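Undergrad: Next comes the sequence, and after it the predicted model I'd like to discuss.
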Amino acid sequence: MTKINNSEKLRKNALKWCIAVFRFAVIFGLGFIILKPILAKILLSFMSPEDLLDNTVRLFPKNPSLHYWKKMLEQMWLPESAINSVLLSLLVAVIQTASCTVIGYGLARFKFKGAGIAFAFVVIMMIVPYQTINIAQYQSFVQLKIGSFELVDTFWPILILAFTGLGIREGLYIYLMRENFRGLSQALEEAAYIDGAGVMKTFTTVMLPNARTMMTTVFLFSFCWEWTDIVYPKTYLVDTHLLSTSIAAVSIRNDLAWDNVGTQIAQCAASILVAFPLIFLFVLCQRSFVKSISQTGLSGG
Amino acid sequence: MKKKSLLFEKRARYGYIFIIPLIIGVCFIFIPNLIQTFLYSVGTIDTQNGFKVVFSGFSKYKEAVRSDPNFMPMMVSNMKTWVINVPVILIYSLLIATMLNQKFKGRVIARVIFFIPVILSVGALASTDSTAMYYSGAGQSIENTVGSSATAFTDMSVLLASINFPKFLTDIVVNAVSNIYEIARSSGLQIFIFLAGLQEIPYSVYEAAAIEGCSSWELFWKITLPMITPHIAVNAVYTISLVADSADGMFWYTNVLAFSENQYALANAMNIIYLSALAIFVAIVLLLMKKIVSNANG
């Protein structure tokens, strides 16, 4: 009897180990694939021009230098572009978080006529690629003048799009918000109504505190994606310097010719510079991020 | 009872107030622009008099499909990417999410790593990734590994073909392996959503089923899958939007046509064709999902 138990135990242990080894191999391998370009980018940006000619240099620079960083910093339009980027991303993130929370609540908690159609439009707006209606949308903003004030080349088109749920992947935020509010218990609201609170008061005092985690998540996503977006700025902010659009504009010339390799490496350095605040933000909000990833998820708190 | 339902009906109207931003967006920006895109495609545009459109028939559609040398090949390759990448990304992210949901040391770090592409490999930052891999030699080594595994997979596909294994399935597998970086990069958010879904399933359900004698295979099909169907729907929609957005070659081509060669009508006709194909694809996916859900429930 004990013998059978022992072999059974052994078999189970072996299986457990096999699974653990397999899991480690898969996660480590894929993690490596994900991190490799980022690490490679950082190492590459510190190479000196001599390193690039040296065939023995692979990943690690032999003579680390700040050559490409210096060249890049001259062309990034700092601090103007940084101020513009912070301002635009913050504004868009605040507006998107607010309007997605409100829309998500409206779609999740009220059974009015046309709620289904409204939600279908959220999904459609999410799927239709921006580039396909680009031309018409640009034209409509060109024609939309208030007096002699032109909207194109100001923040307004992007802010209007953010407010109306047409920003970058904003349909997704509305969807997540809706799921979040749908997961909350009906009793919460009912208790508030019975106590005599109006619809607005119930929303602000009872429901909003329960959406805090999801609001942080949406805010962070929205900030990060606006920070790195080039699609809208390329259309509506052609003459404004932003960090994201400055990356592609960085270029390096040798005395006589265009330095193609150098340009690309300087762009790598630029993209690290642009990514750095995001990493900082990520570390700063890591707790609420990890919490929203690992504990609460979509529905509830 | 009656009074309560009346109260709720009255309350329901407040819903319109909450979705005012959405209503404005749909009615005044989204739908007019869709219609405008269509109008541009069936007319010649008089750029002298401020973008006035004169109807001129569907000739541009014919031109896009019949005589344009680049458009149809691009369309076909794009549609191929939809059909292959969407299921592959979904299955990949579900697998990774199940793995990250298990208890092991360092799982928080693993989760953060799988989430990193969502913020660091998008937009302006993504374009420099391939440069970095190429010049640091990292790209070459990845090419080498992929190259060798690709030859291994050709052997395998020959083997699979000899036992009448469907060819498109082997193609999908070979494609997925050689595009693993692309797939890992575009599935960060899907993993996050699946993980959240998996965590909502109470452990006691699994426990009860295991006591009843369910194998882990059955647990997955009978409990996990039905419980996360709503999340599969979100992820399917999001993945389609990602994949549809990434047809860079075609959008670049239509932009060149529109802005450098003044072929507004042709470019918009192509956009409309692309959108209609996308709509059909989404409809098929949603129908399939509905069928799967009803099968899982019934």
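TA: Looks like it arrived, so ask away.
Undergrad: OK, contacts around residue A:150?
TA: Contacts for residue A:150 were tallied using CB atoms under 8 Å, 6 or more residues apart in numbering or on different chains; they are residue A:142. In this view, the C-beta of every residue, glycine as well, is placed from N, C-alpha and C.
Undergrad: Over to the one 5 residues further on?
TA: By CB under 8 Å, 6+ apart, the contact list for residue A:155 reads A:87-88, A:91, A:237.
Undergrad: switch the cut-off to 6 Å
TA: Counting by CB atoms under 6 Å, 6 or more residues apart in numbering or on different chains, residue A:155 makes contact with residue A:88.
Undergrad: Helices of the stretch 151-298 of chain B, start to end?
TA: B:167-178, B:180-185, B:188-200, B:203-211, B:216-219, B:225-227, B:229-245, B:248-255, B:264-297 (DSSP state H, counting those that start in this stretch).
Undergrad: Ok, which of those comes nearest chain A?
TA: With CB to the nearest CB, the closest approach to chain A among the helices of the stretch 151-298 of chain B belongs to helix B:188-200: 2.8 Å.
Undergrad: Which pLDDT value goes with the residue nearest to residue A:264 when sequence neighbours are not counted?
TA: Computed as CB to CB, 6 or more residues apart in numbering or on different chains, the closest residue to residue A:264 that is not its neighbour in sequence is residue B:131, at 4.6 Å. Note for residue B:131: predicted pLDDT of 73.
Undergrad: Most tightly packed of the helices of the stretch 151-298 of chain B?
TA: Per-stretch averages of neighbours, counted by mean count of other CB atoms under 10 Å in any protein chain shown, single out helix B:188-200 among those, with a mean of 23.
Undergrad: how far out from the middle of the chain is it?
TA: Centroid separation between helix B:188-200 and its chain, computed with CA atoms, centre = their mean, to the nearest Å, is 16 Å.
Undergrad: What lies in contact with that helix?
TA: Outside of helix B:188-200, the residues within contact range by CB under 6 Å, 6+ apart are A:293, A:297-298, B:93-94, B:96-97, B:101, B:114-115, B:117-118, B:228, B:231, B:234-235.
Undergrad: try it again with 7 Å
TA: For helix B:188-200, contacts defined as CB atoms under 7 Å, 6 or more residues apart in numbering or on different chains pick out A:293, A:297-299, B:89-90, B:93-94, B:96-98, B:100-101, B:114-115, B:117-118, B:228, B:231, B:234-235, B:238-239.
Undergrad: out of these, which are inside helices?
TA: Among the contacts of helix B:188-200, the ones falling in helices (DSSP state H) are B:89-90, B:93-94, B:96-98, B:100-101, B:114-115, B:117-118, B:231, B:234-235, B:238-239.
Undergrad: which bits of the stretch 151-298 of chain B sit near chain A?
TA: When proximity is defined as CB under 7 Å from any CB of the partner chain, the stretch 151-298 of chain B approaches chain A at B:180-181, B:184, B:192, B:195-197, B:199-200, B:234, B:237-238, B:240-241, B:244-245, B:251, B:258, B:264, B:267-268, B:271, B:274-275, B:278, B:282.
Undergrad: Where does pLDDT dip in chain A?
TA: Applying pLDDT under 70 to chain A picks out residues A:1-4, A:286-301.
Undergrad: domains of it?
TA: Domain ranges of chain A: A:2-67, A:76-296, per automatic domain parsing.
Undergrad: Single out the most deeply packed of those domains.
TA: By mean count of other CB under 10 Å, these have domain A:76-296 as the most buried, with a mean of 19.
Undergrad: Work out the gap between it and the centre of the chain.
TA: That offset, for domain A:76-296, works out to 8 Å (CA atoms, centre = their mean).
Undergrad: What distance do you get for residue A:179 to chain B?
TA: 7 Å (CB to the nearest CB, to the nearest Å).
Undergrad: relative to helix B:229-245, how tilted is the helix or strand where that residue lies?
TA: Assessed by DSSP states H and E, residue A:179 sits inside helix A:170-182. Interaxial angle, helix A:170-182 versus helix B:229-245 (axes from the mean of the first three to the mean of the last three CA atoms, to 10 degrees): 170 degrees.
Undergrad: Can you list the helices and strands that the helix or strand just after helix A:170-182 packs against?
TA: Using DSSP H and E, the helix or strand that follows helix A:170-182 in sequence is helix A:186-194. Using 3 or more CB pairs under 7 Å, 6 or more residues apart in numbering or on different chains; DSSP states H and E as the contact test, no helix or strand touches helix A:186-194.
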